[in-house]
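*Asks:* Sequence below, structure please.
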Amino acid sequence: MAEIVKKKEQINATVSPWIKKRCLELAETPEFSSISDVVSQALSEFFGKYDYIKTKESKEREDRIPDLLDALMKTKEGQEWLKCVFKTGKQLESGQPTEKIKNTQNPRKKEEEKDEEEEEVVEEEFILG
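*Replies:* Numbers count the residues shown, from 1 in each chain. Have a look, this model is predicted:
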């Protein structure tokens, strides 16, 4: 006697009452043979759309790279940063030790931090005085 081999796997999931109700309703129509058929078709469509969206997003990110590189090449700081990244990448590939990169800050940011420190001191003086 030939052994029956299942071609489908079983999964269990918890869904909202609304989703369950819709699955049961659709399973009773001639378009679907069972609840499993409804869920299988729904998930197949979901996976197709999901994969399409993820591929599209990835492509859009790839398309932005040349624009980003162009923008970086327009400034001296951007060119220096690209050189540093390229140099570090080469060192990592060859196994050479890398230098620690200085944390350079925007000069305006330093001025803002300095102003904030002065404000804190003034507040303390006011409170104490």
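*Asks:* who does whichever strand or helix holds R22 touch, helix- and strand-wise?
*Replies:* Take DSSP states H and E as the rule and R22 turns out to sit in helix 17-27. When contacts are defined as 3 or more Cβ pairs under 8 Å, 6 or more residues apart in numbering; DSSP states H and E, helix 17-27 sits against helix 35-73. Every residue, glycine included, has its C-beta placed from N, CA and C.
*Asks:* next one: the helix it packs on to chain centre, how far?
*Replies:* Averaging C-alpha coordinates over helix 35-73 and over its chain gives two centres that are 12 Å apart (Cα atoms, centre = their mean, to the nearest Å).
*Asks:* Next secondary structure after that helix?
*Replies:* With elements assigned by DSSP H and E, the helix or strand that comes after helix 35-73 is helix 76-94.
*Asks:* Can you find the helix or strand of this structure with the lowest average pLDDT?
*Replies:* helix 107-128 (a mean of 52; mean pLDDT, DSSP states H and E).
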